[in-house]
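Chemist: next comes the sequence, and after it the predicted model I'd like to discuss.
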Number of protein chains: 2
Amino acid sequence: MAYRFSDRMAQVPESFLDELFRVSAVPGVISFAGGLPGSVHIDLEGIRDAARAVFAGEGRMALQYSTTDGYLPLREFIADRYRRRLGLPAMPDEIQIVNGSQQCLDLVAKIFLDPGDAVGMERPGYLGAIEAFSLYEPVFHAVPLAGDGPDLDVLARVVREHAPKFFYGIPNSQNPSGQTYSEEKRRGVAEIFEGTETIFYEDDAFGDLFFDGKPRLPVKRYLSGQGIMSGSFSKIVAPGMRIGWIYAPEPILREFNVAKQAADLHSNFLCQVILHRYLSTHDLDAHVTRVSAIYGRQCRLMCDLLDDLMPPGAGHTTPEGGMFLTATLPGGVSSMDVFREGVREGVAVLPGVPFYVDGGGEDVIRLNFSAVGEEEIEEGVRRLARVVRRLV
Amino acid sequence: MAYRFSDRMAQVPESFLDELFRVSAVPGVISFAGGLPGSVHIDLEGIRDAARAVFAGEGRMALQYSTTDGYLPLREFIADRYRRRLGLPAMPDEIQIVNGSQQCLDLVAKIFLDPGDAVGMERPGYLGAIEAFSLYEPVFHAVPLAGDGPDLDVLARVVREHAPKFFYGIPNSQNPSGQTYSEEKRRGVAEIFEGTETIFYEDDAFGDLFFDGKPRLPVKRYLSGQGIMSGSFSKIVAPGMRIGWIYAPEPILREFNVAKQAADLHSNFLCQVILHRYLSTHDLDAHVTRVSAIYGRQCRLMCDLLDDLMPPGAGHTTPEGGMFLTATLPGGVSSMDVFREGVREGVAVLPGVPFYVDGGGEDVIRLNFSAVGEEEIEEGVRRLARVVRRLV
């Protein structure tokens, strides 16, 4: 029969992620294409012990339905950590638990966007956000990243001329570029938003993963009622629990809560309770510091190898944290060719194209340095360099 | 500042559920208002053992990111059970895991509905579906339930005149009415849909909970490519894991998968793996038969008490399964008054109004008989009858 799908489904950008995940899973392929935290750094024993304690003490509660906003002790933990680490005046009532911070992308778009509404994006921008927002049929306005944050002139023009419902950015170790906004840019961004009706939607998935262990102050510090933040335990505890959160002003959170209830009633409660138990009995900061230092070494190794092995004309960003960097290919080399040839050579990368809402990215690839160890990074970059040299 | 929310947020029906959950949680209040399975019937020990085995054997995998479609062994279990129990030719590739079947409501609406599209609903219809669909700004067409299923004349007219994208129904032990479609009605419904472009969206949250332990054949048996089914482990294993599924033809599932990936990447993987381990090592059918028999006793007790204690002019449905029934109030008594006075008397009920997309339900209340035991049912119905008698 003929299926009559909604117009919005035609808005989703063509995705080759399925193909990518399939080829990346081929044995022997070293994958820089995914976005996984290193499996060996997940505290399996700690989470196992937390689960055991929950089943012994409050298992029946954790297996029952719960409230849409999420487990209060977990929201208290998150609010308290914002106050302590970042000096944000967060209260538990301003926090809502979601299924990984990807769900914030969907629900924030849902509560704000009518078809044709303007949305500001970084250029390059996070692919998962582009996919989630696209289903609400907005008009994207891309603001180039300039090494230390967005181009403020372009940002000011976009906010002034298009009055986007929100601007979506990742100030800390952005996905895909690995770039971090400077302190000056953060203040500059906040000044542009002040007095407008545009929300700054600050995705902070990587703020815990600075290699130097030092937090950067969020843009929200300068914006309060105009700022939304999202966060995630996926990168710092375990992705498989699918637990993230939104931190937003109360009038926004009220609408968000309505959308969340309609979307899936509440996030999985068993994992919320286990996670809270884990966080109460383990030192998250120490764990995060240890993992960040490892990612930092892996990132530096990857950067050094790219410097040494890639042909002239190639370049790359130099992240201060997170899990990704972008590499620029020498003139004329296509990222799609590098993707296809790379798989044959046993190394998977992510072409830059889908990160650009307004075209571009043909000469850019995203590389992940968190999921694989140092030996694989060394061998993988060697393979990548061979492929790129062949394509020059 | 002024927040510019999307038009869709104005479509959400006024909800007093928050008020309801708050008052229902007051100590001493016997709640027939919720939709919880009985906590005492959750197999805490079995799930605990399954979790222990997962942490010992495959914990690191279960804590990592996974694929959008869900854990393949779990999808195989679900497909196999459809084949075995209901004679449906289900394959794992036609199953996708979601965060409880509520998420199917959101995502099915997302892939099918543009603003103004027609949607067919039962009258009364499931509140959670009304809320989820409303955010996609459809026009609802209500088809009255007539004891043994929808009024076929009205259904035929709605399908012919409005060509709804889909009709949403709960043929087994409907929420809120507790009604079950007769075999004849199922065939009649299928005949109406045949040759049209309207999907039959069959929510089967309660199909396992027939008091006589016998499955009823789904409408999808007669519709194949035109039928979507959703199911859930919330009522038969544990709600806190938030694991449900959709079973749909491949072209629909492909779009559904795009929407699911944008919504939250995938459902919590740890619980998927634990649940699969539990299902592989425990006899779900035996568990479900035992729990259904208990719910059956509780339902019969509630019906008998309503017959004995409610004033003349009151009535109620007589479910064959599930967790709910609806009671009709004597002439002139308002369900909102019963709700408010009930809380004062120590019994919480759910007024019928929000279940009616086109007005009505003022004289109807929904009563849940699964969450509380026999003693509380007895005392609760006594309190309820006192309130209603006072209001006559």
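Modeler: Received the coordinates, thanks. Numbering: from 1, shown residues only, chains lettered A, B, ... in the order given.
Chemist: quick check: closest non-adjacent residue to residue A:137.
Modeler: Excluding the flanking residues, the one nearest residue A:137 by Cβ to Cβ, 6 or more residues apart in numbering or on different chains is residue A:115, at 3.8 Å. Bear in mind the C-beta positions are built from the backbone N, C-alpha and C, glycine included.
Chemist: could you do residue A:38 as well?
Modeler: In space, and not counting its chain neighbours, residue A:38 is closest to residue A:370: 5.4 Å by Cβ to Cβ, 6+ apart.
Chemist: show me what stretch A:195-203 is in contact with.
Modeler: For stretch A:195-203, contacts defined as Cβ atoms under 8 Å, 6 or more residues apart in numbering or on different chains pick out A:101, A:104-105, A:108, A:112, A:120, A:126, A:129, A:159-160, A:163-171, A:189-190, A:193, A:218-220, A:223, A:226-230, A:252, B:1-4.
Chemist: hey, where'd the helices end up in the stretch 201-350 of chain A?
Modeler: All helices of the stretch 201-350 of chain A, identified by DSSP state H, counting those that start in this stretch, fall at A:250-264, A:269-281, A:284-309, A:335-345.
Chemist: need those helices in TSV (columns: mean pLDDT, mean neighbour count and distance to residue B:258).
Modeler: Output for the helices of the stretch 201-350 of chain A, formatted as TSV (pLDDT from 0 to 100; neighbours: other Cβ atoms under 10 Å in any protein chain shown; distance: least, Cβ to Cβ, whole Å):
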stretch	mean pLDDT	mean neighbour count	distance to residue B:258
helix A:250-264	96	21	16
helix A:269-281	98	23	25
helix A:284-309	97	17	31
helix A:335-345	94	19	21
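Chemist: and for residue A:205, the neighbour number?
Modeler: The number of residues packed near residue A:205 is 26, by other Cβ atoms under 10 Å in any protein chain shown.
Chemist: so where do the strands sit in the stretch 101-250 of chain A?
Modeler: Per DSSP state E, counting those that start in this stretch, the stretch 101-250 of chain A carries strands over the ranges A:118-123, A:139-144, A:166-169, A:199-203, A:227-232, A:244-247.
Chemist: how about TSV for the ones you listed, with mean neighbour count and mean pLDDT added?
Modeler: Compiled in TSV, the strands of the stretch 101-250 of chain A are given as follows (neighbours: other Cβ atoms under 10 Å in any protein chain shown; pLDDT from 0 to 100):
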stretch	mean neighbour count	mean pLDDT
strand A:118-123	25	98
strand A:139-144	18	98
strand A:166-169	26	98
strand A:199-203	26	98
strand A:227-232	25	97
strand A:244-247	26	98
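Chemist: quick one, which of the contacts of stretch A:195-203 are buried?
Modeler: Buried subset of these (neighbour count, 16 or more other Cβ atoms under 10 Å in any protein chain shown): A:101, A:104-105, A:108, A:112, A:120, A:126, A:129, A:159, A:164-171, A:189-190, A:193, A:218-220, A:223, A:226-230, A:252, B:3.
Chemist: quick one, domains of chain A?
Modeler: Per automatic domain parsing, the structural domains of chain A span A:13-43+A:286-391, A:66-281.
Chemist: which residues sit against stretch A:296-313?
Modeler: A:178, A:211-212, A:314, A:316, A:318-319, A:321, A:325, A:327, A:329-331, A:367, A:369-370, A:372-374, A:377-378, A:381-382, A:384-385, A:388-389, A:392.
Chemist: same thing but 7 Å
Modeler: A:211, A:316, A:318-319, A:325, A:327, A:330-331, A:367, A:369-370, A:374, A:377-378, A:381-382, A:385, A:388-389, A:392 (Cβ atoms under 7 Å, 6 or more residues apart in numbering or on different chains).
Chemist: from the chain's centre, how far out does it sit?
Modeler: 23 Å (Cα atoms, centre = their mean, to the nearest Å).
Chemist: next one: stretch A:289-304
Modeler: In this view, stretch A:289-304 has its centroid 18 Å away from the chain centroid, taken as Cα atoms, centre = their mean.
Chemist: do the same with stretch A:357-372
Modeler: Put simply, stretch A:357-372 sits 13 Å off its chain's centre (Cα atoms, centre = their mean).
Chemist: ok, stretch A:307-325 next?
Modeler: Centre-to-centre, stretch A:307-325 and its host chain are 19 Å apart (Cα atoms, centre = their mean).
Chemist: and stretch A:244-263, by the same measure?
Modeler: Centre-to-centre, stretch A:244-263 and its host chain are 19 Å apart (Cα atoms, centre = their mean).
Chemist: now residue A:337. Nearest residue, chain neighbours left out?
Modeler: residue A:391 (5.6 Å).
Chemist: swap in residue A:110?
Modeler: residue A:259 (4.8 Å).
Chemist: my guess is the one you found contacts residue A:107. True?
Modeler: Yes. Under the criterion of Cβ atoms under 7 Å, residue A:259 makes contact with residue A:107 at 4.6 Å.
Chemist: pretty sure residue A:13 is in a helix, no?
Modeler: No. Under DSSP: H, G, I helix; E, B strand; the rest coil, residue A:13 falls outside any helix and is assigned coil.
Chemist: just to revisit the earlier point, what's the neighbour count on the residue nearest to residue A:137?
Modeler: Neighbourhood size, residue A:115 [other Cβ under 10 Å]: 15.
Chemist: do the same with residue A:35
Modeler: Counted with other Cβ under 10 Å, residue A:35 comes out at 22.
Chemist: and for residue A:57?
Modeler: Neighbour tally, residue A:57, other Cβ under 10 Å: 12.
Chemist: which pLDDT value does the model give it?
Modeler: Looking at residue A:57, its pLDDT stands at 95.
Chemist: what does residue A:216 give?
Modeler: 97.
Chemist: gap between the residue lying closest to it once chain neighbours are set aside and chain B?
Modeler: Ranked by Cβ to Cβ, 6+ apart and with sequence neighbours excluded, the top spatial neighbour of residue A:216 is residue A:172, at 5.8 Å. Separation of residue A:172 from chain B (Cβ to the nearest Cβ, to the nearest Å): 20 Å.
Chemist: how about residue A:225?
Modeler: As defined by Cβ to the nearest Cβ, residue A:225 lies at a distance of 5 Å from chain B.
Chemist: now do the phi/psi pair for the residue nearest to that residue when sequence neighbours are not counted.
Modeler: Distances taken as Cβ to Cβ, 6+ apart place residue A:249 nearest to residue A:225, at 4.8 Å, with adjacent residues excluded. Main-chain dihedrals, residue A:249, degrees, to the nearest 10: phi -60, psi 150.
Chemist: next, count neighbours for residue A:249.
Modeler: Going by other Cβ under 10 Å, the residues that sit close to residue A:249 add up to 18.
Chemist: who in the stretch 251-392 of chain A is up against chain B?
Modeler: A:251-252, A:255, A:258-259, A:261-265, A:267-271 (Cβ under 7 Å from any Cβ of the partner chain).
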